Each structure stands twice: as structure tokens, then as C-alpha cells.
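>>> Need coordinates for the following:
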Amino acid sequence: MYIIELFLKLKEDFKAGKFKKQEEIKPVQKEKCDHFFVPIDSTKRILACSKCGEIYKLKKGEVNPFE
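Model (predicted):
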């Protein structure tokens, strides 16, 4: 019974407009970050910024500062 009540409540909320469409949600603007990249895998080829979470993959021929 609880599942049926849950579906009915979700249906009412959806009709009332409590849910936003993906287009209505504004993307968060990125602020300038003073990147500090650290390795996140055992090969130390994938780096992530410890402040904002940006991911960077080392390309062939690039020097890996962690080796």
C-alpha cells in the first residue's frame, strides 16, 4: 500500500509543478581555481584538482611529475 501512496503523491507533486525540467536548471558558473592536481589512480596518469575536482588525463609524451 505504501508504494501506491508514494506514486500517487509523486503524481500530485508533478502536476503541481514542484519538479523542474532540466532546461530550467541554470548551470553553475565556474569560478577561477588555483588548480592543485594530485594523482587519483595507481598509474598516476589521471590527475584531479583537490580544490574543484577537475580531472586531467596525461597524454602520451607528457612528463609525469609524480614518477
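>>> Now do the buried residues in stretch 33-44.
For stretch 33-44, the neighbour count (16 or more other Cβ atoms under 10 Å) marks 37, 39 as buried. In this view, the C-beta of every residue, glycine as well, is placed from N, C-alpha and C.
>>> now do the same end-to-end measure for that stretch.
When the termini of stretch 33-44 are compared using Cα to Cα, to the nearest Å, they are 22 Å apart.
>>> chain center to that stretch, what's the gap?
Centroid separation between stretch 33-44 and its chain, computed with Cα atoms, centre = their mean, to the nearest Å, is 16 Å.
>>> next one: stretch 7-20
26 Å.
>>> same deal with stretch 47-66?
Stretch 47-66 sits 17 Å away from the centroid of its parent chain (Cα atoms, centre = their mean).
>>> In that stretch, which residues are buried?
For stretch 47-66, burial by neighbour count (16+ other Cβ under 10 Å) applies to 47, 48, 58.
>>> all helices for the protein, in order.
Counting by DSSP state H, the chain has helices at residues 2-16.
>>> Could you tell me how far the nearest residue to residue 56 once chain neighbours are set aside is located from residue 60?
Using Cβ to Cβ, 6 or more residues apart in numbering and skipping the chain neighbours, the partner closest in space to residue 56 is residue 47 (4.7 Å). Distance of residue 47 to residue 60, given as Cβ to Cβ, to the nearest Å: 15 Å.
>>> Low-confidence stretches in this structure?
Within the chain, the stretches with pLDDT under 70 are 20-31, 66-67.
>>> wait, which of the buried residues of stretch 47-66 is closest to residue 18?
Closest approach between these and residue 18, by Cβ to Cβ: residue 48, at 35.0 Å.
>>> For that closest one, list each beta-bridge partner.
Beta bridges link residue 48 to residue 38, residue 55 when assigned by DSSP bridges.
>>> can you pull the contacts of it?
Residue 48 makes contact with 37, 38, 40, 54, 55, 56, according to Cβ atoms under 8 Å, 6 or more residues apart in numbering.
>>> Can I get those residues in a markdown table including distance to residue 6?
Formatted as a markdown table, the contacts of residue 48 follow (distance: Cβ to Cβ, whole Å):
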| residue | distance to residue 6 |
| --- | --- |
| 37 | 44 |
| 38 | 42 |
| 40 | 38 |
| 54 | 38 |
| 55 | 37 |
| 56 | 42 |
